[in-house]
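All I have is the shape, not the residue letters:
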């Protein structure tokens, strides 16, 4: 129950809305990825590992796979993100 209350307090946070915008920009361009990762980590430090934040974190990892040129690293990023999302 405490986790639900914490997650609900996250939604009105302007930094969370910034993370949402940056994530969608990161889907379009690799240039936004470092900033998106930084904002996600900032929110995780502020609120703890809430499920919505964890999913953004693992989505960012999947985006790293999208932009990686090395096939081996691309595979590693993708498999790690899928495993963490499943967990």
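Structure's in. What do you need? No experiment lies behind these values; they were computed from the predicted model shown. Numbering: from 1, shown residues only.

drop to CA atoms for contacts and neighbour counts, all remaining ones
Noted.

How about residue 75: what's its closest non-neighbour residue?
Distances taken as Cα to Cα, 6 or more residues apart in numbering place residue 65 nearest to residue 75, at 6.9 Å, with adjacent residues excluded.

The one you found: helix or strand, and which one exactly?
helix 51-67 (DSSP states H and E).

Please compute how far that helix lies from its chain's middle.
Taking Cα atoms, centre = their mean, to the nearest Å, one finds helix 51-67 lying 4 Å from the centre of the chain it belongs to.

How about stretch 43-56?
With Cα atoms, centre = their mean, you get 8 Å for stretch 43-56.

Any buried residues in it, and which?
Neighbour counts over stretch 43-56 (16 or more other Cα atoms under 10 Å) mark 43-44, 49, 53-54, 56 as buried.

Point out the least confident member of these, please.
Minimum pLDDT for the buried residues of stretch 43-56 is recorded at residue 49 (90).

Any regions of this protein where pLDDT drops low?
Under the criterion pLDDT under 70, the flagged ranges of the chain are 1-8.

for it, what spans make up the helices?
Here the chain has its helices, by DSSP state H, at 2-10, 14-28, 33-47, 51-67, 71-86.

who touches the fourth one?
When contacts are taken as Cα atoms under 8 Å, 6 or more residues apart in numbering, the neighbours of helix 51-67 outside the stretch itself are 7, 23, 26-27, 30, 33, 36-37, 40-41, 43-44, 73-78, 80-82, 84-85.
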